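Participant: can you look at this prediction? I've put the sequence above it.
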Amino acid sequence: MGTKIVLAAFCVFASGLLRAQSGCTDPQAMNYDASALFNDGTCLYSPTNDTPTLVQNLSSRLIENSGMLVWDDHIWMLNDGGSLPMLFKLDLSGNIVDSVLVSSSTNVDWEGLTQSSTHFYIGDFGNNAGNRTDLAIYQVSKSDLSTTTTHSVPAEKRVFKYTDQHQFNGPSNGHAFDCEGLYYDHDSLVLLTKNWNNFYAKRYRMPAIWQDTLSISPVDSMFMDGLITDVSFDSSSNKVLALGYKNNGSNFYTSFVYLLFDFNGSDIFSGNKRRLELGNMLSLAQTEGIAWIDSVHAFISSEQISSIITIPPKLFSCNFTSYFSGNVGVADQQSQNIYPNPCAGFIQIPEVLRGKKLAIYSVSGHLEKEQQLENESYVDVSDLPNGSYFMSIGEFHFRLIKAD
């Protein structure tokens, strides 16, 4: 009996400790919990507006631009359905400097563009009508793009289908199997859908290489209150940008971007989900592409609107630094002095944090290292396995990445 009481008491204590350590860890959120060590994804934010900076209007060759990435100090773009199967290379001011035909491919409806260290991946999965049975990913070698002298590169085509799609008769712009979001993460490709019927985005994950026709199932989903048109993942900071727009009545569209960060592993919907309202179609046109430049700056592109008035395609830049400043796991007010991060062996401790207690936890909550700091300017973390950790030094909390 005594043993059972002790065990029960311990379980209650452990459960209470876990609850005390979990909560909203972003000081910019309305429900920030200063006592929380672990982000449970519950942060709530007040409505936030952000105004992208216009770089310039884009060339008329890019009036249907849809996917975008930044590689080797250049922007790469593609156009969507019905256009030539072509990649466009632009300088960072938005001027086209080259174009490359992707041979042996068809642009049924290209909507996504992402990259690994060795390849581009083109998502031919636009599906407004909901009737496509030929969804595909094209893989293009970066080496071929760098060395081509004929302005043409080959591509490998890989076909896939959704296991949860059983009807292929739409209705047009009224179903859950359109897609425009694509990013690469740890040898896998991730898709975010454009659900016309309920404004959710489903997340699918699939290997980057496969044979025959691959069947993929949704991992999870998130209510976006709009339509997702592109997504970009920064592997160095583990942050995602999800771009979209919403019809606010009479086909008057406003654009938004979600900042997804401080999440567990590859579960991008488990962390902070901050929405920024970017403006309307009169100033932005129809926002279709987004790409990280570094861990706080990004480009946004828009395709041309041709209606009562014509609004040309545009390129914008965004600075998201302020939204990550003071954020636990991303950039705490002292974290600019916690370096290097990622680290391999030692991290430098700023003088203001010396004399405090240091604790490092795994993402599952296991205490990996504990130390009372005296006058040490460095802490040895070389014994930690590579991965992501939560670190507390006194009342300050950080996300630490160990990478040899």
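Facilitator: On my side now, so go ahead.
Participant: show the residue spans covered by the strands in the stretch 201-350 of the chain.
Facilitator: Under the criterion DSSP state E, counting those that start in this stretch, the stretch 201-350 of the chain contains strands at 213-216, 218-223, 227-234, 239-247, 253-261, 272-280, 286-292, 297-303, 305-306, 310-311, 314-319, 346-348.
Participant: what's the closest of the ones you listed to residue 156?
Facilitator: strand 213-216 (13.4 Å; C-beta to C-beta). For glycine as for every other residue, the C-beta is placed from the backbone atoms N, C-alpha and C.
Participant: restricting to C-alpha, output stretch 190-197 in PDB.
Facilitator: Only the C-alpha atoms of stretch 190-197 are listed here, as PDB (Å, rounded to 0.1, in the frame of the first residue of the first chain):
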ATOM      1  CA  VAL A 190       6.500  18.200 -47.900                       C
ATOM      2  CA  LEU A 191       3.300  19.400 -49.500                       C
ATOM      3  CA  LEU A 192       0.800  21.900 -48.000                       C
ATOM      4  CA  THR A 193      -2.500  21.800 -49.800                       C
ATOM      5  CA  LYS A 194      -4.800  24.600 -50.900                       C
ATOM      6  CA  ASN A 195      -8.200  23.500 -49.500                       C
ATOM      7  CA  TRP A 196     -10.800  25.600 -51.300                       C
ATOM      8  CA  ASN A 197     -13.700  23.900 -49.400                       C
END
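Participant: list the buried residues in that stretch.
Facilitator: By neighbour count with 16 or more other C-beta atoms under 10 Å, stretch 190-197 contains the buried residues 190, 191, 192, 193, 194, 195, 196.
Participant: and these, which is closest to residue 245?
Facilitator: Comparing the buried residues of stretch 190-197 against residue 245 with C-beta to C-beta places residue 194 closest, at 10.2 Å.
Participant: which residues of the stretch 251-400 of the chain fall in helices?
Facilitator: For the stretch 251-400 of the chain, applying DSSP state H, counting those that start in this stretch gives helices covering 281-284, 321-324.
Participant: ok, residue 386 - how many residues close by?
Facilitator: Using other C-beta atoms under 10 Å, residue 386 has 10 neighbouring residues.
Participant: what's the first-to-last distance across stretch 218-227?
Facilitator: Length of stretch 218-227, first residue to last, C-alpha to C-alpha, to the nearest Å: 17 Å.
Participant: any idea how far it is from the chain center?
Facilitator: Stretch 218-227 has its C-alpha centroid displaced from the chain centroid by 13 Å (C-alpha atoms, centre = their mean, to the nearest Å).
Participant: same question, stretch 291-306
Facilitator: Mean-position distance between stretch 291-306 and its chain equals 13 Å (C-alpha atoms, centre = their mean).
Participant: quick check: beta-bridge partners of the residue nearest the centre of the chain?
Facilitator: Nearest to the geometric centre of the chain sits residue 240, at 1.9 Å (C-alpha atoms, centre = their mean). Beta-bridge pairing for residue 240 (DSSP bridges): residue 233, residue 260.
Participant: surely it and residue 183 touch.
Facilitator: Yes: Residue 240 lies in contact with residue 183 (C-beta atoms under 8 Å); the separation is 7.2 Å.
Participant: intersection of neighbour lists for the two?
Facilitator: 231, 232, 233 (C-beta atoms under 8 Å, 6 or more residues apart in numbering).
Participant: tell me the one of the residues you listed nearest residue 153?
Facilitator: residue 232 (22.5 Å).
Participant: pretty sure residue 162 contacts residue 179?
Facilitator: No: counting by C-beta under 8 Å, residue 162 sits too far from residue 179 to count as a contact (9.0 Å).
Participant: who has more neighbours out of these two?
Facilitator: residue 179 (26 against 20).
Participant: so who does that one touch?
Facilitator: Counting by C-beta under 8 Å, 6+ apart, residue 179 has contacts 111, 112, 123, 125, 126, 127, 135, 191, 192, 193, 194.
Participant: could you count how many residues lie near the residue lying closest to residue 45 once chain neighbours are set aside?
Facilitator: Leaving out its chain neighbours, the residue that sits closest to residue 45 by C-beta to C-beta, 6 or more residues apart in numbering is residue 274, at 5.0 Å. Here the number of neighbours of residue 274 (other C-beta under 10 Å) works out to 21.
Participant: if you count neighbours, what's buried in stretch 353-370?
Facilitator: Those would be 353, 358, 359, 360, 361, 368, for stretch 353-370 by 16+ other C-beta under 10 Å.
Participant: among those residues, which one sits closest to residue 223?
Facilitator: For the buried residues of stretch 353-370, the nearest to residue 223 is residue 361 (30.2 Å; C-beta to C-beta).
Participant: give me the neighbour count for residue 163.
Facilitator: If you count neighbours by other C-beta under 10 Å, residue 163 ends up with 11.
Participant: before we move on, what about residue 229?
Facilitator: Neighbour count of residue 229, defined by other C-beta under 10 Å: 25.
Participant: surely it and residue 201 touch.
Facilitator: No: assessed by C-beta under 8 Å, residue 229 is found out of contact with residue 201, at 10.5 Å.
Participant: shared neighbours, the two?
Facilitator: 181, 194.
Participant: sorry, back to before: gap between the residue nearest to the centre of the chain and residue 149?
Facilitator: 36 Å (C-beta to C-beta, to the nearest Å).
Participant: tell me the contacts of residue 144?
Facilitator: Contact analysis of residue 144 by C-beta under 8 Å, 6+ apart lists 153, 154.
Participant: skipping adjacent residues, who's closest to residue 32 in space?
Facilitator: Residue 32's closest residue in space is residue 24 (C-beta to C-beta, 6+ apart), at 5.4 Å.
Participant: so residue 359 makes contact with residue 391?
Facilitator: Yes: counting by C-beta under 8 Å, residue 359 does reach residue 391; the two are 7.2 Å apart.
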